[in-house]
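Asker: I would like to see how this sequence folds:
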Amino acid sequence: MNRYAGFWNRAGAFALDYIVILLYLLILGLIGFLINSLGGTFSWLFADRIRAQLSGFLLVTLPVTLYFALSESSPQRATWGKRRLGLQVTDYDAERISVWRSLVRTTLKFIPWEIAHTFVWTIAFSPADTPAWVNVSIILVYALIGLNLAFLIFTKKHQTIYDLLAKTCVIKRSRV
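Answerer: Below is the predicted model of the structure:
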């Protein structure tokens with residue numbers, strides 16, 4: 001019988017994975033600082049809202065998404081944080097998921113994150129005339145996060161919405 005990972009296990013694993021993300025962001029920031037100090041070309045990437053959104057996606061969202069998707073579809077079935085806590089992402093038969101299923105799962109997981117990035121860039125570039133859709137987006141982000149947490153806490157297999165849609169679950173690795 002599988003033991004499904006609950007909120008605290010998954011939150012702990014994500015906190016550990018956030019260390020990996022923060023290290024990546026630190027390296028990216030240092031590279032950006034060095035490039036900017038040598039000629040200012042890095043600032044061109046963030047000169048307007050569209051370029052900033054695209055640059056943020058390509059430099060942050062895409063690499064983080066690939067980190068999760070490739071790690072969770074690997075033979076270990078887990079990111080660094082999940083491995084540290086003995087968790088694995090599997091299908092309903094406790095089997096390894098494909099890269100494509102993992103990519104779908106991870107993309108669905110990070111939709112609130114990307115929506116938040118979109119409205120942050122909108123506010124950053126035009127704070128005085130922030131459109132009403134930004135407020136709706138903020139509500140949508142919190143609603144999606146809240147729904148994922150509610151599903152994680154209250155479903156039998158502790159699945160989020162993105163787990164249900166991708167037909168995956170996070171289990172505690174059996175000790176053999």
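Asker: Can you tell me the SS state at Lys157?
Answerer: For Lys157, the secondary structure call by DSSP: H, G, I helix; E, B strand; the rest coil comes out as coil.
Asker: could you list every residue that touches it?
Answerer: 4, 163, 169 (C-beta atoms under 8 Å, 6 or more residues apart in numbering). Using the backbone N, CA and C atoms, a C-beta is placed for each residue, glycine as well.
Asker: Whichever of these count as buried, I'd like them selected in PyMOL; how would that read?
Answerer: In PyMOL, this line selects whichever of the contacts of Lys157 come out buried by 16 or more other C-beta atoms under 10 Å:
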select buried, resi 4+163+169
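Asker: so can I have a markdown table of the contacts of Lys157 showing distance to Pro63, pLDDT and secondary structure?
Answerer: Converted to a markdown table, the contacts of Lys157 look like this (distance: C-beta to C-beta, whole Å; pLDDT from 0 to 100; DSSP: H, G, I helix; E, B strand; the rest coil):
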| residue | distance to Pro63 | pLDDT | secondary structure |
| --- | --- | --- | --- |
| Tyr4 | 29 | 96 | strand |
| Asp163 | 22 | 97 | helix |
| Cys169 | 25 | 97 | strand |
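Asker: ok, the contacts of Lys157 vs Ser43, which is closest?
Answerer: Asp163 (39.4 Å; C-beta to C-beta).
Asker: Pro127 falls within a helix, correct?
Answerer: No. Counting by three-state DSSP, Pro127 is located in no helix; its state is coil.
Asker: measure it to Ser43 for me?
Answerer: According to C-beta to C-beta, to the nearest Å, Pro127 stands 19 Å off from Ser43.
Asker: try Leu70
Answerer: 31 Å.
Asker: Comparing those two, which residue is more hemmed in?
Answerer: Each of Leu70 and Ser43 has its neighbours counted (other C-beta atoms under 10 Å); Leu70 has more, 14 against 11.
Asker: max-length helix in this structure?
Answerer: helix 7-39 (DSSP state H).
Asker: Kindly list the single helix or strand of this structure that scores lowest on mean pLDDT.
Answerer: helix 41-44 (a mean of 71; mean pLDDT, DSSP states H and E).
Asker: any idea which helix or strand comes after that helix?
Answerer: The helix or strand immediately downstream of helix 41-44 is helix 49-56, counting by DSSP states H and E.
Asker: Nice, that's everything, thank you.
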